[in-house]
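no sequence for this one, just the structure:
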């Protein structure tokens, strides 16, 4: 009984302590999220319920305060961050993008003050009474810049980039992209900043801000952007109690967040603005015709700047990018409809297009480019940009021996095929097939060069740019036979040797380097490439100096020797699979009491070099059949081959595919 009483006593103490802890904890939370008075600079939010968990709210980081995304039908609000939000506010991954609606013609009501803002200041753009500045187009991205009169710029030591503004007219500043750092506005005049993309990154203290340093009249600053991308609220500052109206117009607004599956209702209002006093006000305005005309001018002026660079740079990779950039503006960005309402800009556009066409319009990039030991070929026409970008290829610099099947076991353990003719002038004829490939180290070097220019090297033979013709085979500077191409990925070596083994052995005693000539299509020029033939170590280890022929698939020409002809009739293209790379088949000769294996052999498409070969074999009996197995390898897939024949001529066409 005493034990039972003791148990209930302890239980009562625990319940009482838990209740006291909950009340104390709620008081702390209530203190943190208590609404401030009207005199306070910032307003904060309370939880809908004291039971709402801190982890449930979704916030956007911004300096000392966080913007709590709207939820449960309530608009977004500013709030003091809790400990974990302060700690993680600079760690937003911005993995997910959302497009909130950007309500036009509505002033932004700050969530950080109790007053309602005045109606939007109406300042119509008069296109013939503006002063334009295009210096900012010289940089792809501007982070920090200052706008002011020359004397003011000298005093304030302008950051990164500066404009010397006119104090008597509305000033329009064109920039391609702004990665918002600190933008200072010095003179007491109206400003319009026209940019393609305004990016507002995750904010750090005193960063990602528009700052007005006006001292006299109320200032008017207009931001016209094709797209506003924000990870953090846009901070608007002023100094010396300067009064400034900020007006934002955008074709599209994108919110980048580390939160997944947000809804449109979570962005109310979009985007939030971070203000420090009532002197600064923010408005959202419609992107009207005059605003669009200024954006259209931005694109035409960008074309002008691109063409100037194009005519002065000697870097071929940079030229490729500039060609694509000019065509992108011309075809995809500039509106001809708006040009019809802006005669001066239309005249400039027409002149730029004519100049570009006369210099580059019909140009086809043909000349190979040397990068180290590699030759880079460019595929594409300027007239097809930007819809069909340039592609970059390089010529193979390495080859790998493709082993032959042992004629008794069918396993790929032989170095090649040898025809032995003891009575002829040439004792041995060696046939080997090799696969062309690339030196990965050299390829990476060239890929890095192109990557710096945002270009991509394709690890693939440039079929439409170069080709391989039948040519002499020169190994270690001596002509020993001929090279027969099998498509563009493989070649066959046919080597004639004068004795029955010694010269065959000498061929493999040291690394094999051979010359490969590539014909550059269109130019009809030939480029030579030294290629190293790599052979699997296990194949070379089995090469016995006393029994050299044991390492090859050997057939002796006698009265028992016969031949079977294989001819490829495959079309170079197959629907769905694309271009034929090559077809590979192995042969199994089936006699009554014996099987003999030959192959694998590789073939190209119909009526090309490497599309036909006669394979010798020992005819152990008059009755036999041949089982043919393999595959046809295409650009986008492969087809299986597996059939049996008794014909002396075997045709490979699409009907044999399984």
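It's in. Note that the structure is predicted; figures quoted are calculated from it, not measured.

Show me what the host helix or strand of residue 237 pairs with in its sheet, parallel or antiparallel.
For residue 237, the host element (DSSP states H and E) is strand 234-238. Paired with strand 234-238 in the same sheet, following DSSP bridges, are strand 209-212 (parallel), strand 273-275 (parallel).

out of those strands, deepest packed?
Most buried of the strands paired with strand 234-238 by mean neighbour count (mean count of other C-beta atoms under 10 Å) is strand 273-275; its value is a mean of 25. C-beta here means a position set from N, CA and C on the backbone, and glycine is covered the same way.

Of the strands paired with strand 234-238, give the one that comes closest to residue 384.
Proximity to residue 384 (C-beta to C-beta) singles out strand 209-212 among the strands paired with strand 234-238, at 41.3 Å.

mind checking how far the helix or strand following the closest one is from the chain centre?
Next helix or strand after strand 209-212 toward the C-terminus (DSSP H and E): strand 219-230. Centroid displacement of strand 219-230 relative to its chain, using C-alpha atoms, centre = their mean, to the nearest Å, is 28 Å.

now strand 219-230: mean pLDDT?
Computed over strand 219-230, the mean pLDDT rounds to 89.

rank the strands paired with strand 234-238 by pLDDT, which is bottom?
The bottom spot among those, by mean pLDDT, belongs to strand 209-212, with a mean of 69.

buried set for stretch 586-597?
Residues of stretch 586-597 classed as buried under the neighbour-count rule (16 or more other C-beta atoms under 10 Å) are 586, 587, 588, 589, 596, 597.

TSV for those residues, including secondary structure, distance to residue 614 and pLDDT?
Below are the buried residues of stretch 586-597 laid out as TSV (DSSP: H, G, I helix; E, B strand; the rest coil; distance: C-beta to C-beta, whole Å; pLDDT from 0 to 100):
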residue	secondary structure	distance to residue 614	pLDDT
586	strand	16	95
587	strand	12	95
588	strand	18	95
589	strand	14	95
596	strand	16	92
597	strand	17	94
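
Of the strands paired with strand 234-238, which is nearest residue 97?
With C-beta to C-beta as the measure, strand 273-275 is the member of the strands paired with strand 234-238 nearest residue 97 (20.2 Å).

that older thread, for the strand holding residue 237, what is the distance to the chain centroid?
In terms of C-alpha atoms, centre = their mean, the centre of strand 234-238 is found 35 Å from the chain centre.

And for stretch 192-199?
Distance of stretch 192-199 from its chain centroid, counting by C-alpha atoms, centre = their mean, is 24 Å.

Give me the angle between the strand holding residue 237 and strand 219-230.
160 degrees (axes from the mean of the first three to the mean of the last three C-alpha atoms, to 10 degrees).

Which helix or strand lies directly C-terminal to strand 234-238?
Next element after strand 234-238 (DSSP H and E): strand 244-257.

Each with direction, which strands does that following strand pair with?
Paired with strand 244-257 in the same sheet, following DSSP bridges, are strand 96-98 (antiparallel), strand 219-230 (parallel), strand 280-284 (parallel).

wait, isn't residue 66 in contact with residue 76?
No. Judged on C-beta atoms under 8 Å, residue 66 makes no contact with residue 76 at a distance of 10.3 Å.

List the buried residues in stretch 623-633.
Those would be 624, 626, 628, 629, 630, 631, 632, 633, for stretch 623-633 by 16+ other C-beta under 10 Å.

Contacts only, for the third one.
Residue 628 makes contact with 585, 586, 587, 641, 642, 643, 644, 645, 650, 656, according to C-beta atoms under 8 Å, 6 or more residues apart in numbering.

for the last one, same thing?
The neighbours of residue 633, taking C-beta under 8 Å, 6+ apart as the test, are 580, 581, 582, 583, 584.
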